[in-house]
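1. Structure here, sequence nowhere to be found:
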């Protein structure tokens, strides 16, 4: 009887250990929203590789400058907004303050190095740092949202410093 109990205990412990090792997917679901058919967006790349989005709103209510930069890059393992990218944050803040019905999402991204949970947290801190700067400049809370995609949506495929530098970013998207 004791031998059977020992075998049963060993079997239960083995199952518990294997269940504890199962991986869980941490990806956040992507929300899809319907866009007004009067808005058209096109994407281009500047010679420096900065992504820009030209927005043409045929209804005239959320018109943005055609060459408004939307990408803010970060140093490795950092969420501090560098001085060279503050003009981008200021331009978006000015646009949002001028149009109280406009909304933007700050999407935080990281390079491929590090674990998924760590990168999701770092991407969130990057997005929140940009949002916080906009709030300091007078943008309302209801106009801003911060989300993180961690390392799940790289801008550039590659395993070198040049690729990693392009992936450590916050993208500002109209909502």
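-> Received, thanks. All of these numbers come straight from a predicted model, not from anything done at the bench.
2. which residues of this protein score low on pLDDT?
-> 1-67 (pLDDT under 70).
3. got the residue ranges for the helices in it?
-> Here the chain has its helices, by DSSP state H, at 2-21, 86-98, 116-136, 161-167.
4. Tell me which residues of the second one come out buried.
-> Within helix 86-98, the residues that qualify as buried by neighbour count (16 or more other C-beta atoms under 10 Å) are 88-89, 91-93, 95-96. In this view, the C-beta of every residue, glycine as well, is placed from N, C-alpha and C.
5. do the same with the longest one
-> The neighbour-count check on helix 116-136 (16+ other C-beta under 10 Å) flags 119-131, 133-134 as buried.
6. Kindly report the same for the last one.
-> By neighbour count, and taking 16+ other C-beta under 10 Å as the criterion, the buried residues in helix 161-167 are 164-167.
7. Repeat that for stretch 146-156.
-> Using 16+ other C-beta under 10 Å as the test for burial, stretch 146-156 gives 146-152, 154-155.
8. okay if I get those as a markdown table plus distance to residue 113?
-> A markdown table is the format used below for the buried residues of stretch 146-156 (distance: C-beta to C-beta, whole Å):
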| residue | distance to residue 113 |
| --- | --- |
| 146 | 22 |
| 147 | 21 |
| 148 | 16 |
| 149 | 15 |
| 150 | 11 |
| 151 | 8 |
| 152 | 14 |
| 154 | 11 |
| 155 | 15 |
